[in-house]
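Undergrad: Got a sequence here, can you model it:
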Amino acid sequence: MSKTRIAALPIVLGLIAGQIIAQQVDPAQTETKAPKPAPKLTFVDRVKQYLQRSGSTVDDSKSTPDMVVSNYSEGRGGKVTIVVVNDRRRNLLGFYVYNFGSLKGATNKEEVYKYLLSANDAITIGSFFVDGDDDIGYKYLASSAQVMNQTAFEYAYLTMAAVARERKPEIKKLIGTPSDKDEKTPEVKKAAEDKPPQS
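TA: You can find the predicted model right below:
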């Protein structure tokens, strides 16, 4: 009996060694290939993606690598033109709305300024301003040090559209411009002339 055990021992050891070798995984099979990093989106690509998800359109003919001109459609058939600007020099992302009218020739400038200051106190984000050409605008600036996510972008964008829609009739009334007149926005005009937006 002991001879059979001794003879069986190499066979058992051989079977055990064979199972161990069979259970070992080839190192080439265990190497996980690192996924390729997603291509980094440009400013314009990222903003276009956000705008598409929010139901807005982009005017490619007026947009540049650091500025996207978009249109947000209102329920009544109107639209709000919102310009999104990447200010690399100051690390800011700017949202701009014009088309409120101009103070050139307005006789009640003080009344308009008071209204704009009062509106600035009442709105949640952004502020109204009067630029060097006496055009009334509305802007919101955010840090671009970190990429703005879809939710934050939509909040800023849709709030800008809502404020513009609500405040535009009163501003036009104060300066004596018919509210249904659709003027060419000064910011878009500047974009067509390749001038950077004024903050």
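
Undergrad: doesn't residue 145 make contact with residue 92?
TA: No. Judged on Cβ atoms under 8 Å, residue 92 makes no contact with residue 145 at a distance of 9.2 Å. Backbone N, C-alpha and C define where each C-beta goes, glycine included.

Undergrad: the more surrounded of the two?
TA: residue 92 (15 against 8; other Cβ atoms under 10 Å).

Undergrad: Spatially nearest residue to the more buried one, not counting backbone neighbours?
TA: Nearest residue to residue 92, sequence neighbours excluded (Cβ to Cβ, 6 or more residues apart in numbering): residue 141, at 4.9 Å.

Undergrad: and if you look at residue 167?
TA: With Cβ to Cβ, 6+ apart, the residue lying closest to residue 167 is residue 119, at 5.7 Å.

Undergrad: and whatever helix or strand that neighbour lives in, what does it pack onto?
TA: For residue 119, the enclosing helix or strand under DSSP states H and E is helix 109-122. Identification of packing neighbours for helix 109-122 by 3 or more Cβ pairs under 8 Å, 6 or more residues apart in numbering; DSSP states H and E yields strand 127-130, helix 150-175.

Undergrad: Give the buried residues for the longest one.
TA: By 16 or more other Cβ atoms under 10 Å, the buried positions in helix 150-175 come out as 153-154, 156-157, 159-161, 163-165, 167-168, 171-172, 174-175.
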